[in-house]
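J.: Requesting a structural model of the entry that follows:
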Amino acid sequence: MMTVAAPFTVQTTNSLDLEHLNREFETAHPKDILTWSIENTPTGLVQTSAFNVDDMVITHILYRELNHPVPVIFLDTLYHFRETLELVAKAQEVYDLDLKIYKTPDVDSRTAFAAKYGVALWNSDITKFHHVTKIEPLQRGLDELNTIAWITGRRRDQAVTRANMPVFELDSQNRLKINPLASWTRNDSWNYVAEHSVIYNPLHDQGYPSIGDEPITTQIAEGEDERAGRWRGMGKTECGIHI
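T.: Next comes the predicted model:
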């Protein structure tokens, strides 16, 4: 596998030959991609997780197969399903997660959020809702953790907006963004879960293949796209943190 001459920093990520890296790792197993990431980012490597099944696959590889407990950023929007929060707690216990929770400043409940931003902000201004619950907390978390590279659970087959997603890319702050499951399918992830007994959100078994905030996530019907239940009727395909 390809390596770099020395561990990189945010200041040197733009010198990486991303085109070559992506060719090198296009058909690599996620474990090999994560191994490279660990070797070349001894500090400043984090995982961002919504605790969907693909995120759990990555956590299991990092914490069990590679025995490398990187910090895991979770964005507490205050509007997660109960089952999601229960999985976060269970995963923290099972894996002894280095969990870093970030949320909207100065609010600690749905009531407080509604009092500050209005009732059902997602209906009146979905862009603002995602900015205050996800985009700002994520950027704050990445900054506070001195992030050089961050790992996502995205796959190309999840949405048309992700169809051409590379394994390695740079974000707007010149951090390396790593998508180890880019070439995997939904079946690949579930096969890994079955083989390794990975814990997952029970809502996945109840018609929720992709799970976001409770008020704006619905079950999907047979034949619908995996993410069809996210922002149904809102004309959105992404919350903004990956744009």
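J.: and residue 131, how many neighbours?
T.: 16 (other C-beta atoms under 10 Å). Placement of C-beta: from N, CA and C, glycine included.
J.: Quick check: it vs residue 29, distance?
T.: Per C-beta to C-beta, to the nearest Å, residue 131 is found 35 Å from residue 29.
J.: for residue 52, same thing?
T.: According to C-beta to C-beta, residue 52 and residue 29 sit 20 Å apart.
J.: likewise residue 208?
T.: Residue 208 sits 27 Å away from residue 29, going by C-beta to C-beta.
J.: With neighbour numbers in mind, choose between the two.
T.: Set residue 208 next to residue 29 and count neighbours by other C-beta under 10 Å: residue 208 wins out with 21 against 15.
J.: Does the residue nearest to the more buried one when sequence neighbours are not counted lie in a helix or a strand, and which?
T.: In space, and not counting its chain neighbours, residue 208 is closest to residue 219: 5.9 Å by C-beta to C-beta, 6 or more residues apart in numbering. Here residue 219 sits in a region with no helix or strand, counting by DSSP states H and E.
J.: just checking, residue 219 touches residue 211?
T.: No. Applying C-beta atoms under 8 Å, one finds residue 219 not in contact with residue 211, separated by 10.4 Å.
J.: more neighbours, those two?
T.: Taking neighbours as other C-beta under 10 Å, residue 219 and residue 211 compare with residue 211 leading, 21 against 13.
J.: how far does stretch 111-123 stretch from start to finish?
T.: By C-alpha to C-alpha, to the nearest Å, the extent of stretch 111-123 from end to end equals 16 Å.
J.: low-scoring stretches of this structure, by residue?
T.: Within the chain, the segments meeting pLDDT under 70 span 1-6, 231-232, 235-243.
J.: The same query, at a cut-off of 80, please.
T.: 1-8, 10-12, 14, 158-162, 223-225, 227-243 (pLDDT under 80).
J.: hey, which helix is longest across it?
T.: Secondary structure of the chain per DSSP state H: the longest helix is helix 82-95.
J.: which other helices and strands contact it?
T.: With contacts defined as 3 or more C-beta pairs under 8 Å, 6 or more residues apart in numbering; DSSP states H and E, the packing partners of helix 82-95 are helix 53-60.
J.: angle of the helix it packs on against helix 82-95?
T.: Per axes from the mean of the first three to the mean of the last three C-alpha atoms, to 10 degrees, the angle that helix 53-60 makes with helix 82-95 is 10 degrees.
J.: Counting by contacts, list what the very next helix or strand once past the longest helix of the chain packs against.
T.: Using DSSP H and E, the next helix or strand after helix 82-95 towards the C-terminus is strand 99-103. Contact partners of strand 99-103 among helices and strands, from 3+ C-beta pairs under 8 Å, 6+ apart: strand 72-76, helix 136-144.
J.: For the last one, what is the distance to the chain centroid?
T.: Spelled out, that is helix 136-144. Relative to its parent chain, helix 136-144 has a centroid offset of 14 Å by C-alpha atoms, centre = their mean, to the nearest Å.
J.: Can you show me the helices along the chain?
T.: 18-25, 30-40, 53-60, 82-95, 110-117, 121-124, 126-130, 136-144, 186-196.
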